[in-house]
Structures are given as structure tokens and as C-alpha cells.
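1. have a look at this prediction, sequence included:
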Amino acid sequence: MKYEAWVAKAAKQPMALEAAHLGPLGMEEVEIAVEHCGLCHSDLSVWNNDWGLSQYPAILGHEVIGRVSAIGSNAKGLTVGQRVGVGWNSGSCMHCHQCMSGRHHLCPQVQFTIVGHRGGFATHIRAHWTWAFPIPEKLNFADAGPLLCGGITVFAPLAMYAKPTDRVGIIGIGGLGHMAVKFAAAYGCDVTAFTSSESTFDDAKRFGADHVVLSKDSAAIKTLGGSFDLLISTVNVTLDWNALIATLAPTGRLHVVGAVLEPIPVAAFSLIMGQRSVSGSPTGSPVAIETMLDFASRHNIVPQTEHFPMSQINEAFARLEAGKARYRIVLDADF
């Protein structure tokens, strides 16, 4: 079989189409013929080596939708031709305490799909069968890829910490934040969107926000003191963290999923006196991802996307890096 992939040879270098050699299929692996693959800001961070963990040459892409093309002898629950997705993780050890507890995404040996592994900007991708998720038929599969990374990243804290009666704030209305607003609204929460640009006010309302606040408006933020049960920060920039924590109700929580690189300073008394919490999480377990896909299917939640042919991958990366994506980019395989 002919395997090809878009390969980055070094940090920030344009990707080039090359032949890929996948080797023998593992006994517990499945192989997937890629149809669509979302372009996530994490792809950009790994391409630029912003986190210092990139490995080159790199085949990026971790929001994969495609059809199973081959199944290892010990793989379970999937059939050739079935439409599945692969997200940020593509494997875990399956025997450690975390895996045995259903928290596979916290496995010390969890395999990131785009670091030390061939990702989805390719004709085919491989993953352990546990990390290949059947796509519900009601979902628009062409737009579903970003749910497998960005979607579960914002769905997980809502599932862990929110109730339908809660007041929830979503900080940032970008690739992550717009999906968080959709999920929180469908869950029944009273949703406030924080955005740095007035140009996204109407979009935030369309996604389901009940209220929209300009995140640069300190006076407006101050009026929200003590009101939120949960704040989810989806941005990767430094914010006025103490002002945001002050908007939390007693026992409220600030939950961070945006990979801001600078430390987050927190005054102890702002936590102690209101019994507030600051937390964070990565994507989610296989069961959490299946639950998220079911919820998204039930409520017809898909990201707002722009589509590029995968042959225009470098142009798509440039658009994402320039901050012009509205709101997720999906690359359609055209090998």
C-alpha cells in the first residue's frame, strides 16, 4: 500500500509531501485511512517546538476522521470500513494504575499522536484500538475532527465540575472557547463568554452565550464579583488572574485548559476565604471521549470550521498562526 504524509523536517519549516513507511501493523493497532484532519493550535505549538518536546521529522495532525482500513489480530470492537476518529492520544500502556482506573489519558506512558508518533496529516494513521472512536452517525463527520481534541478538552471540566444550574464563564471564544460555549449552553448552564474582541460578541451569542463581556474591560469584570461557579480558561495568554478569581462564587473553580506558558500567580487568601479552587486538565479518557461524542450527537454540536484541501497545509498553518481561523480549520485529504 502507498503511504504518504506531510512532513515537517524541523521547527517552523514548511511541510513537504513524502512517502511514509509505517512498518508492520501491531497486533492491537488499527490502521485508518484519513478522510479529514483538524488543524489544532497544539499542532502549531509542536511544529514551532513552543513546548520543547517536539521530535523531527514530524507528521502532525491529531483530530483525525477516517475509515478503518486494517485491524491487528488482537484489536477489539472495530471493523474494516467503520468510520472512526483519533485525537490527541493514540495509545497508553493499558496496565498501569491510571489505565486500570479508566484514566488512560493520565497514563505515564500515554502516546501523544504527534510527538514520537505519525499523525493524521497523511494517507493513513495507526492507533491502539482503545483510542480509535466510532463516530456517531448523526454527527457531520467532516466537521467532527476538532471534537476529538478541542471538544473533549472543554467538555471534560464541564462533565467533572458543572451542574446544569451553574453559572459558567468561558474565557476566550476561539478554537476551544466556542466549543465550550456550545457544550455549556446545551448542558443548561447560564453561560458568560469573555472575549478580547467586540467583533466576536455576535458569534458568542450565536454559539449559545447568555452574556458576553469584554475581557479587557476591568470595570465590567469587577461587577461580576462572586458570581461564577466555574470559569474555564481556554486562552494561552497571561490574564488578570486575581480579577478573574474574584468573579468566582464561594466554592467556585477556575479551570485552565489553555496552555499559557507563564506561571499563574494566585493570592492564597482569594482561595482560602471563598474556598475556591484552581485546577487544570488535559484531554480526556476514552470513556469521556465516547460520552462527549454521544452528547455532541444528541445536541447536534460540531465546531464552526473552515476547510482546506490537505495539499494547502502550509497555507492553512499560516492562517492559523495569524489568528485568522474562524474557528477551527479542517484539512480534507486529497492525496
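-> Done, it's in.

2. let me know the outermost residue of the chain.
-> Largest separation from the mean C-alpha position in the chain: Met273, at 33.1 Å (C-alpha atoms, centre = their mean).

3. Ala267 versus that one, what's the distance?
-> Between Met273 and Ala267 the computed distance is 10 Å (C-beta to C-beta, to the nearest Å). All C-beta atoms are positioned from the backbone trio N, CA, C, and that covers glycine.

4. over to Ser197?
-> From Ser197 over to Ala267 the distance is 28 Å, taken as C-beta to C-beta.

5. same question, Val257
-> Using C-beta to C-beta, we find Val257 at a distance of 22 Å from Ala267.

6. ok, the residue nearest the centre of the chain to Gly91 distance?
-> By C-alpha atoms, centre = their mean, the chain has its centre lying nearest to Gly150, at 1.8 Å. For Gly150, the distance to Gly91 equals 20 Å [C-beta to C-beta].

7. helix or strand: which one has Asp294?
-> helix 286-299 (DSSP states H and E).

8. which residues touch that helix?
-> Residues outside helix 286-299 that contact it (C-beta atoms under 8 Å, 6 or more residues apart in numbering): 85, 87, 102, 104-105, 130-131, 133, 135-139, 144, 147-148, 151-152, 155-156, 159, 183, 186, 283-284, 301-302.

9. strand partners (parallel or antiparallel) of whatever helix or strand comes next after that helix?
-> Note on helix 286-299: by DSSP H and E, the next helix or strand toward the C-terminus is strand 305-309. Note on strand 305-309: by DSSP bridges, its sheet partners are strand 328-332 (parallel).

10. convert the C-alpha atoms of the partner strand to PDB, please.
-> The C-alpha trace of strand 328-332 is given here as PDB (Å, rounded to 0.1, in the frame of the first residue of the first chain):
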ATOM      1  CA  ARG A 328     -11.300  25.600  13.600                       C
ATOM      2  CA  ILE A 329      -9.600  24.600  10.400                       C
ATOM      3  CA  VAL A 330     -10.100  21.100   8.900                       C
ATOM      4  CA  LEU A 331      -7.900  19.700   6.200                       C
ATOM      5  CA  ASP A 332      -9.600  17.400   3.700                       C
END
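
11. now do the SS call for Ile125.
-> Assigned by DSSP: H, G, I helix; E, B strand; the rest coil, the conformation of Ile125 is strand.

12. ok, now which ones touch it?
-> Shown in contact with Ile125 (C-beta under 8 Å, 6+ apart): 31-32, 34, 61, 64, 66, 86, 90, 113, 118-119.

13. separation between it and Ala259?
-> Remark: distance between Ile125 and Ala259 (C-beta to C-beta) = 23 Å.

14. now do Pro286
-> According to C-beta to C-beta, Pro286 and Ala259 sit 22 Å apart.

15. what is the longest strand seen in the chain packed up against?
-> Secondary structure of the chain per DSSP state E: the longest strand is strand 29-39. With contacts defined as 3 or more C-beta pairs under 8 Å, 6 or more residues apart in numbering; DSSP states H and E, strand 29-39 has these neighbours: strand 64-71, strand 83-86, strand 124-128, helix 313-321, strand 328-332.
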